[in-house]
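Enquirer: after the sequence you'll find the predicted model.
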Amino acid sequence: MDLLLKPFQYEFFTRAILVGVMSGLLCGVMGVYITTRRMSYIAHGLSHAILGGAVLTYVLGLNFYVGSGIWGFGAALLIQYLTGRRIYSDAAIGIVTTACFALGVAVISTYRKFSQNFEAALFGNVLGVSPTDLWVVTGVTIVLLAVVFVFYRPLLFWCFDREVAQVQGVPVVAMDTLFALMLATLLVVTLQVLGVTLIISAVVIPASIARLLSNHFGYMMMISGGLGSVISFAGIYMSYYFDVASGASVVLLSTLVFGAVLVWTNYRRRANRFTASVHSKYS
Amino acid sequence: MESVLEVNHLTCGYQTQPVFSDVNLTLYPGQLSGLVGPSGCGKSTLIKAMLGLIHPWQGEVRFRGKRLRAGAPPPGVGYVPQVETIDWNFPVTAEEVVMMGRYRERNFLPWSSRRDRLVARELLERVGIAHVAHQPIGELSGGQQQRVFLARALVGQPDIVLLDEPTSGSDLHVQHELLHLLAELSQQGLCVLLSTHDLNSVATHLPWVVCFNQGIVGQGQPTEVFTPETLRQTFGSEMLVLRQHGRILISSDATTLLHELQSNLPPALQQRNS
């Protein structure tokens, strides 16, 4: 038992687990909106764009969360603006996010002292979270979950059928802006867990597993959020014993769970089909 | 009689290209009409302008006498979009889709109230698909999906329902079932406008048609409006019109017209003729 609880003797590890669990929960819940609205690419691109904001924030001596959050929100709005101007959405994402990322790389290459932080930003450093980070992640988790709770109905309608939602009185432009803000906030606070290169997996994989298991949007959110938390917990915990990077451990574990659920759901579907055919043949 | 919706000298377009110009149209309670025209003639754009979804270049749309503000569709208007725009893999059930139409009821809780479920169930029963209420929307047949969207449009108790190509891609049986349902609703006082490019199986069965191609070419009862001249102006090609026992058959070539005639005969006569 002592061996199992050994990692929790370290305060930094307990903080990492708490931040990981909350990030997994948030990414899982938001991931359902992102995957059902087919916005995975924008989430992936925005995480890269935020790197540029993070670097500039550091150079200008501003607060990381505020600076990067505003930068990410601005990038999301810019993508929205360009998409409405005869530019295809994937092209708009490509233009804005790579430009922001390149700006970050350019600043980093000028200020050499960045190298270690740069690696942390790219691949995550959940074991390096400070008590302040823990408070910020806790606060953002509570606020974002409250927003999802209050705006569940209009966001669901907006997600499913934007045009009819507008006819029925949903303020769709406000929903676009609200979601861009939520997405930027999510990515900024969870960046430390997985980094810009791996964060998309925490958003996409639990939601995809939930889709395999449920046909109901609300249940999908619960399954995805729950799985995100459990996988983050297990991934970070296992990384201690296997001595691998925490971010990579979380991603590999979630991919493994996805594969297992995919095999199981396929098997179950075939078994159900076989049972139904036998029933219809002999009844 | 007071009109439900009035379109006055409406011109709309995208970028620098007008889609239609100077459209005048008045719709009344209990009126079942078809907006008939070829694909790409501006039917969907007109419907969107009537809903207040796009900014008109010129003119106005009035709903119950009040001028519509673009971007702010008023309560009392139902809309059934083209099914091609829907993601059928989306994880929602038929009942949930119908309950989306109750957004204006301002229920801030994520779960639906007993009243929401009751109203949704009543509507699904009214359109004849209560038995599929808990099935995912993607697992329903084309006809059932159309009825779910119609139920969603009706759940807010609208004065008018606009349907964009509701019969496209569905078979004759489904088309006729939907037309019967819409006729029933219009008899109860609902104003219904549906767009279609299907002349024989849809448009000729409607009591009122509006021939449309970048503007209104003609409107009235099908027997009056469907003349070779109006149809040529609407579809851009010569059309043959056959009137038989108060019914109309339309086609661009004589062979198809004969085939249509054959398929419209009673089954006993069809067998004898073949």
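Expert: Received the coordinates, thanks. The structure displayed is predicted, hence computed values, not measured ones. Numbering: from 1, shown residues only, chains lettered A, B, ... in the order given.
Enquirer: please make it C-alpha for all contacts and neighbour counts, starting now.
Expert: Will do.
Enquirer: what does chain A put close to chain B?
Expert: Applying CA under 8 Å from any CA of the partner chain, we find that chain A lies next to chain B at A:36, A:149-154, A:157, A:160-161, A:164, A:166-170, A:211, A:214-217.
Enquirer: B:Phe63: what's it in contact with?
Expert: Under the criterion of CA atoms under 8 Å, 6 or more residues apart in numbering or on different chains, the neighbours of B:Phe63 are B:4-6.
Enquirer: circling back: tell me which of the residues of chain A next to chain B fall in helices.
Expert: The members of the residues of chain A next to chain B that map onto helices under DSSP state H are A:36, A:149-150, A:152-154, A:157, A:160, A:164, A:166-167, A:211, A:217.
Enquirer: identify the farthest-apart pair in those residues.
Expert: Across those, the longest distance by CA to CA is 28.0 Å; it joins A:Val167 and A:Arg211.
Enquirer: about what we covered before: of the ones in helices among the residues of chain A next to chain B, select the buried ones using a ChimeraX command.
Expert: Typed into ChimeraX, the line below selects the buried ones among these, using 16 or more other CA atoms under 10 Å in any protein chain shown:
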select /A:36,152,153,154,157,160,164,166,167,211,217
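Enquirer: just send the ones in helices among the residues of chain A next to chain B back as CSV, with pLDDT too.
Expert: Listed next are these as CSV, based on pLDDT from 0 to 100:
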residue, pLDDT
A:Thr36, 92
A:Phe149, 93
A:Val150, 92
A:Tyr152, 92
A:Arg153, 91
A:Pro154, 92
A:Phe157, 93
A:Phe160, 93
A:Val164, 92
A:Gln166, 92
A:Val167, 91
A:Arg211, 95
A:Phe217, 93
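Enquirer: could the ones in helices among the residues of chain A next to chain B be laid out in CSV, adding distance to A:Ile142?
Expert: Compiled in CSV, these are given as follows (distance: CA to CA, whole Å):
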residue, distance to A:Ile142
A:Thr36, 23
A:Phe149, 10
A:Val150, 12
A:Tyr152, 15
A:Arg153, 19
A:Pro154, 20
A:Phe157, 23
A:Phe160, 25
A:Val164, 30
A:Gln166, 28
A:Val167, 31
A:Arg211, 24
A:Phe217, 21
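Enquirer: A:Lys6: which of the ones in helices among the residues of chain A next to chain B is nearest?
Expert: Among these, and counting by CA to CA, the member closest to A:Lys6 is A:Arg211, at 35.8 Å.
Enquirer: the closest one touches A:Met220, doesn't it?
Expert: Yes: using CA atoms under 8 Å, A:Arg211 makes contact with A:Met220 at a distance of 6.3 Å.
Enquirer: what's the closest non-adjacent residue to residue 254?
Expert: No chain was given, so I picked chain A. Excluding the flanking residues, the one nearest A:Ser254 by CA to CA, 6 or more residues apart in numbering or on different chains is A:Ile231, at 6.2 Å.
Enquirer: should've been chain B
Expert: Nearest non-adjacent residue to B:Ala254, counting by CA to CA, 6+ apart: B:Leu240, 7.3 Å away.
Enquirer: quick one: neighbours of that neighbour, just the number.
Expert: As a burial measure, B:Leu240 scores 17 neighbours (other CA atoms under 10 Å in any protein chain shown).
Enquirer: tell me the spacing between it and chain A.
Expert: Distance of B:Leu240 to chain A, computed by CA to the nearest CA, to the nearest Å: 38 Å.
Enquirer: who touches that residue in this structure?
Expert: B:Leu240 makes contact with B:228, B:250-254, B:257, according to CA under 8 Å, 6+ apart.
Enquirer: next one: phi and psi at it?
Expert: Dihedral pair for B:Leu240: phi -100, psi 140, per degrees, to the nearest 10.
Enquirer: any low-confidence regions in the chain?
Expert: This is for chain A. Per-residue confidence for chain A (pLDDT under 70) gives these ranges: A:1, A:112-118, A:283.
Enquirer: nope, chain B please
Expert: B:106, B:246, B:260, B:263-274.
Enquirer: now with 50, please.
Expert: B:274 (pLDDT under 50).
Enquirer: next, name the residue at the spatial heart of it.
Expert: B:Leu194 (2.0 Å; CA atoms, centre = their mean).
Enquirer: which secondary structure state does it sit in?
Expert: Secondary structure, DSSP: H, G, I helix; E, B strand; the rest coil: B:Leu194 is strand.
Enquirer: name the residues linked to the residue lying closest to it once chain neighbours are set aside by a beta bridge.
Expert: In space, and not counting its chain neighbours, B:Leu194 is closest to B:Leu163: 4.5 Å by CA to CA, 6+ apart. According to DSSP bridges, the partner residues bridging B:Leu163 are B:Val80, B:Leu194.
Enquirer: could you list every residue that touches B:Asp116?
Expert: Residues in contact with B:Asp116 (CA under 8 Å, 6+ apart) are B:99, B:102.
Enquirer: gap between it and chain A?
Expert: Taken as CA to the nearest CA, the span from B:Asp116 to chain A is 12 Å.
Enquirer: thinking again about what came up before, which one of the contacts of B:Leu240 sits in the busiest neighbourhood?
Expert: Neighbour max across those (other CA under 10 Å) = B:Ile250, 23 neighbours.
Enquirer: A:Ser249 contacts A:Met238, doesn't it?
Expert: Yes: using CA under 8 Å, A:Ser249 is in contact with A:Met238, at 7.2 Å.
Enquirer: and the two? Which one has more around it.
Expert: For A:Ser249 versus A:Met238, the count of surrounding residues by other CA under 10 Å is larger for A:Ser249: 23 against 17.
Enquirer: excluding chain neighbours, what is closest to the more buried one?
Expert: Leaving aside its chain neighbours, A:Ser249 sits nearest to A:Gly235 (5.1 Å; criterion: CA to CA, 6+ apart).
Enquirer: can I assume the one you found sits in a helix?
Expert: Yes: assessed with three-state DSSP, A:Gly235 lies in a helix.
Enquirer: what residues does it make contact with?
Expert: A:246-247, A:249-251, A:253.
Enquirer: same question for B:Gly34.
Expert: B:Gly34 touches B:193-196, B:203, B:206, B:208-210, counting by CA under 8 Å, 6+ apart.
Enquirer: okay, now the closest residue to A:Val105 other than its chain neighbours: neighbour count?
Expert: Distance criterion CA to CA, 6+ apart; nearest residue to A:Val105, sequence neighbours excluded, is A:Gly52 at 7.3 Å. By other CA under 10 Å, 26 other residues sit near A:Gly52.
Enquirer: tell me which element A:Gly52 falls in.
Expert: Assigned by DSSP states H and E, A:Gly52 belongs to helix A:40-60.
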